[in-house]
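Colleague: Just the structure for this:
(chains A and B, ligands or ions: 1)
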Amino acid sequence: MGELSSIWRESTHRYRLVGHKCGNCNTVYFPPRDICIKCHRESIGKIKECNMSGKGEIVTFTVVHDVPPAFARQRPYIMALIRLEEGPMLTAQIVDTDPGDVEIGKKVSAVFRRIREDGKSGLIQYGYKFVMES
Amino acid sequence: MRTLSDVYIIGSGETKYGELWEKSLRELAVEAGLKAVEDAGIYSKDIGILYGSSSLAGSINGQNDIGSLIADFSGLASSNIPAIRVEASSASGAAAVREAYLAVRSGEYDVAMVGGVEKMTDIYGSETLDMVGTILDREWEWFMGATPAAMAAMTARKYMKDFKVEKESLAMLAVNDHENASKNPNAHFRNKLTLEGAMGATMIADPLNMMDCSPMSDGASAIVLASEKYVKAHKLDGIKILGSGISQDYLALHSRDSLYRLNSTVIAGRNALSKAGIKQSEVSFLEIHDSYSIYGLIELEDLGFAEKGKASQLVGDDIKLNGALPVNPSGGLKAKGNPMGATGVGQFVEAYLQFKGKAGERQIKNPQYGLLHNMAGTGSTSLVHIVGGA
Ligand SMILES: [Zn+2]
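Modeller: Just a heads-up that it's a prediction; the model follows:
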């Protein structure tokens, strides 16, 4: 149940790329933060939800060959750090492309996909991955 | 008013690092601990406090309260001393040493023992990887499919592109680690490694292959710390811990300004050097946390031994045992091995042996100061210690 509740808790953020925005200085956070790292206590009570466009740029990437059990069926896969248009950087997979076509600086956009499969419970977890923009 | 005490390392003990299928978590911990007590020439009743360190014992072995475990099976249960575990993922070892250092330095305890242990081969490799992934941000890195190697690989790709560094420079660190480990009887890997061998290994996370990655090792390391008062009263000679620095950074790599500047290492290093009152140029050897080869390179920069993007100029002859700045005389995380909670303590064991002239074939001539660097995850916590002959 612990795992299920943790998935449910983050589902809005993972399903719809909902981040947080500081009402004091307008800095956007994804993954979400409950306190602004610039305004500290001034931001308490002023953090609002904020939708991300899902558009971004590849900062760096790797092709993962040695994978954890929950990703055994996806091996090998591309992991990337992606800078979103709104400013924050996140960690996500890039899919539907040949690794040879992935380059630092190329544009990507978010899609909703199956992320991982828990080997023991068989539970499938969903969230954002990214595809190359044509 | 109490004055602060100088802190000495007066003994060390270590098991072999490697895949030690015949030995359990507690056997490893006790073996290292008893060797350290014997080496220090003290009686176990003299130990005032014990710090155990382990990163994954609760996850892999289903055993927590490592402090009590070590105390109990080292025969100390009846002395009822404080014994707790310190955890800071892959920096647990140095974090435990720092707590022990502070306990002695404060004057509260005269003798403190530190025992680091990890037993990583009790489950299958891919399951162990699942546990090692706890050193990342579980919800926003690991959940998405990132592994520690993948994070290091993404740093490596960006670093190599921005500074036009060839993959060979990363491989040179692994070659150096293996060369030194071939002279360390406790090392996980004692085979020498050629540059071709390092370049051609099985891919783990592109551009990092198996020879860029530290292994999952079993092993335990222990040291005994003592106050100046105790050392003088018992006419012991140890080596001094001259400075201790610790700092932290964002847990996840994607939250940081730079993918290849380890702020926690920069600050911990600066603080440790300043407390010891020495400069980089006075350091005789380094033990650095090269869990992945790329980290070794950028740590040399962040610790102030090379400018950003220029560490590749250092990783030739300079870092060899007889070079200007020997790096990882023990064999480092790549070749001595990486039993996570023991690794940071093991760096102190190596320093102790070097200063006592007991490092055998890998002995460095007349070392003055050693710098020890242990890091959690992708740099979320770093510890740097300066040690020197007393
Ligand atoms: Zn703010």
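Colleague: any idea which element the most centrally placed residue in chain B lies in?
Modeller: Centroid check for chain B by C-alpha atoms, centre = their mean gives residue B:344 as the closest residue, at 2.6 Å. Counting by DSSP states H and E, the element that carries residue B:344 is helix B:340-355.
Colleague: Distance from the chain centre to that helix, please.
Modeller: Chain-centre distance of helix B:340-355: 6 Å, with C-alpha atoms, centre = their mean, to the nearest Å.
Colleague: low-scoring pLDDT stretches of chain A, where are they?
Modeller: Residue ranges of chain A with pLDDT under 70: A:1-8.
Colleague: Quick check: phi and psi at the residue of it positioned farthest from its centre.
Modeller: No residue in chain A sits farther from the centre than residue A:42, which is 27.1 Å out by C-alpha atoms, centre = their mean. Main-chain torsions, residue A:42, degrees, to the nearest 10: phi -60, psi -20.
Colleague: In space, what's closest to the residue nearest to the centre of chain B - neighbours in sequence excluded?
Modeller: Using C-beta to C-beta, 6 or more residues apart in numbering or on different chains and skipping residues adjacent in sequence, the residue nearest residue B:344 is residue B:93, 2.5 Å away. C-beta here means a position set from N, CA and C on the backbone, and glycine is covered the same way.
Colleague: Enumerate every residue touching the residue of chain B found nearest the ion.
Modeller: Residue of chain B nearest the ion, by C-beta to the ion: residue B:255 (14.7 Å). Shown in contact with residue B:255 (C-beta atoms under 8 Å, 6 or more residues apart in numbering or on different chains): residue A:89.
Colleague: Give the next helix or strand downstream of the helix holding residue B:344.
Modeller: Per DSSP H and E, the first helix or strand lying C-terminal to helix B:340-355 is strand B:369-376.
Colleague: for that next one, packing partners?
Modeller: Here strand B:369-376 touches helix B:92-105, helix B:263-276, strand B:285-287, helix B:293-302, helix B:340-355, strand B:381-389, going by 3 or more C-beta pairs under 8 Å, 6 or more residues apart in numbering or on different chains; DSSP states H and E.
Colleague: For the residue nearest to the centre of chain B, give me its contacts.
Modeller: Residue B:344 sits next to B:53, B:91-97, B:116, B:289, B:372, B:374, B:383 when contact means C-beta under 8 Å, 6+ apart.
Colleague: which one of the helices and strands packed on strand B:369-376 is the most hemmed in?
Modeller: Counting by mean count of other C-beta atoms under 10 Å in any protein chain shown, helix B:340-355 has the highest mean neighbour count of these, with a mean of 30.
Colleague: now it: mean pLDDT?
Modeller: For helix B:340-355, mean pLDDT is 98.
Colleague: now stretch B:168-178
Modeller: Average pLDDT, stretch B:168-178: 98.
Colleague: Any idea how many residues pack against residue A:53?
Modeller: 11 (other C-beta atoms under 10 Å in any protein chain shown).
Colleague: near chain A, which residues of chain B?
Modeller: Proximity of chain B to chain A (C-beta under 8 Å from any C-beta of the partner chain) is limited to residues B:126-127, B:129-130, B:133, B:139-147, B:149-150, B:153-155, B:157-158, B:161, B:202-208, B:252-255, B:259.
Colleague: any idea how far residue B:81 is from residue B:119?
Modeller: Going from residue B:119 to residue B:81 by C-beta to C-beta, to the nearest Å gives 24 Å.
Colleague: And those two? Which one has more around it.
Modeller: Each of residue B:119 and residue B:81 has its neighbours counted (other C-beta under 10 Å); residue B:119 has more, 27 against 19.
Colleague: And the strands in chain A?
Modeller: For chain A, the strands defined by DSSP state E cover A:18-22, A:28-29, A:47-51, A:55-64, A:77-84, A:89-95, A:107-117, A:124-132.
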